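# When you get a sec, could you give me coordinates for this:
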Amino acid sequence: MTQVNAMGDACPIPVVKTKNAIRELAGPGVVETLVDNEIAVQNLTKMADQKGYGVKSEKLGENQYKVTMTVGEGAEMPKEDEAEVCLVQPGQKKKTVVVISSPNMGDGSEELGRTLMKGFIYALSQQDELPSTILFYNGGAALTCEDSPALEDLKSLEAQGVEILTCGTCLDFYGLKDKLKVGDVTNMYVIVEKMVGAHLIVKP
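Just a heads-up that it's a prediction; the model follows:
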C-alpha cells in the first residue's frame, strides 16, 4: 500500500500526487491519500470513477479525510499529460468567463444576430450569479466601443464587479482603439490565462 500526504495542497495537487503514486505501482495495488477538504475528496473520487478504480473515502477528523483507491489488474494507468479538472475550492468563487467574438449571436440574419446579442448581454446582467470576466475579441470588440447597443448593460456589469476585457490587437485592426467606452484593453496572453483558469466558459 502507498500513502500520499496531500494535506494543505490545493487542486490539482492532490490528484496529481495520487496519479503519480498509482503510476509508480506499475500494476495492481492500493493508494491512500490524505486531504483536508471535501472538494479534494470529490476530485479524487471523480478521477477514480473515470479510471475504473475501486474507491472509498472516510472522515478521520476535523479537516482530515482519507481516500483509498484500489487499482485492479489491467486497470487504466494515468497518463503523464492528462489534464486535471478541479471543482471549486471551499470559499472560492466559481470563475465563469464569457467569451464574445462577434457582434452577432448565431448564424443567419445579421440583424437578428445583433438583436440576440444585445438581449444576451442584458440577460447576463440580470443573473443572480454574474461571470467573473467577459472577454471581447475579433468582431466582438465593437461591443465595448461607442455606439454599441450593449454599452449600458456592459457598464452595469462592470459596476457590479464583472471584469470587461477587450483585445487590443482587435481594437487596432478595426480602428477602434480610441473608441473603447467600457472595461480595459488586454492581450492574447491574458485572454488565454483567463480562459485556462476558468471553471466554466460561456460562448454565445
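# Show me which residues of the lengthiest helix in the chain are buried.
Selection of the longest helix in the chain by residue count, based on DSSP state H, yields helix 110-125. For helix 110-125, a neighbour-count test (16 or more other CB atoms under 10 Å) marks 113-114, 116-118, 120-122, 124-125 as buried. All C-beta spots, glycine's among them, are computed from the backbone N, C-alpha and C.
# Provide the contact partners of it at residue level.
Under the contact criterion CB atoms under 8 Å, 6 or more residues apart in numbering, helix 110-125 has outside partners 98, 100, 102-107, 130-131, 134, 143, 149-150, 153-154, 156-157, 160, 204.
# Neighbouring strands - and their directions - for the very next helix or strand once past that helix?
With elements assigned by DSSP states H and E, the helix or strand that comes after helix 110-125 is strand 133-136. Using DSSP bridges, the strands paired with strand 133-136 are strand 96-100 (parallel), strand 163-167 (parallel).
# quick one, which of these is nearest to L180?
strand 163-167 (6.3 Å; CB to CB).
# What residues sit buried inside the helix or strand just after that closest one?
Where DSSP H and E defines the elements, the next helix or strand beyond strand 163-167 is helix 168-173. For helix 168-173, the neighbour count (16+ other CB under 10 Å) marks 168, 170-171 as buried.
# would you put the C-alpha positions of helix 168-173 in CSV?
The C-alpha trace of helix 168-173 is given here as CSV (Å, rounded to 0.1, in the frame of the first residue of the first chain):
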residue,chain,number,x,y,z
GLY,A,168,-6.0,45.4,-28.1
THR,A,169,-4.9,43.9,-31.3
CYS,A,170,-8.5,43.6,-32.4
LEU,A,171,-9.3,47.2,-31.5
ASP,A,172,-6.3,48.3,-33.6
PHE,A,173,-7.3,46.1,-36.5
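# tell me which strands and helices that helix is in contact with?
Applying 3 or more CB pairs under 8 Å, 6 or more residues apart in numbering; DSSP states H and E, we find helix 168-173 packed against strand 184-186.
# now, which of the buried residues of helix 110-125 sits nearest P14?
L124 (33.7 Å).
# Now stretch 27-44: average pLDDT?
Stretch 27-44 shows a mean pLDDT of 91.
# Kindly apply the preceding question to stretch 170-184 instead.
For stretch 170-184, the per-residue pLDDT averages 95.
# coming back round to it: turn the buried residues of helix 110-125 into CSV, columns for distance to N63 and pLDDT.
Below are the buried residues of helix 110-125 laid out as CSV (distance: CB to CB, whole Å; pLDDT from 0 to 100):
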residue, distance to N63, pLDDT
G113, 50, 96
R114, 51, 96
L116, 47, 96
M117, 46, 97
K118, 47, 95
F120, 41, 96
I121, 41, 96
Y122, 43, 95
L124, 36, 94
S125, 38, 92
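# Return the member of those residues nearest to S57.
For the buried residues of helix 110-125, the nearest to S57 is L124 (37.2 Å; CB to CB).
# sec struct for Q50, please.
helix (DSSP: H, G, I helix; E, B strand; the rest coil).
# so who does it touch?
Contacts of Q50 (CB under 8 Å, 6+ apart): none.
# what's the answer for the one 3 residues further on, then?
Contacts were defined as CB under 8 Å, 6+ apart; by that measure Y53 touches 22, 69-72, 75.
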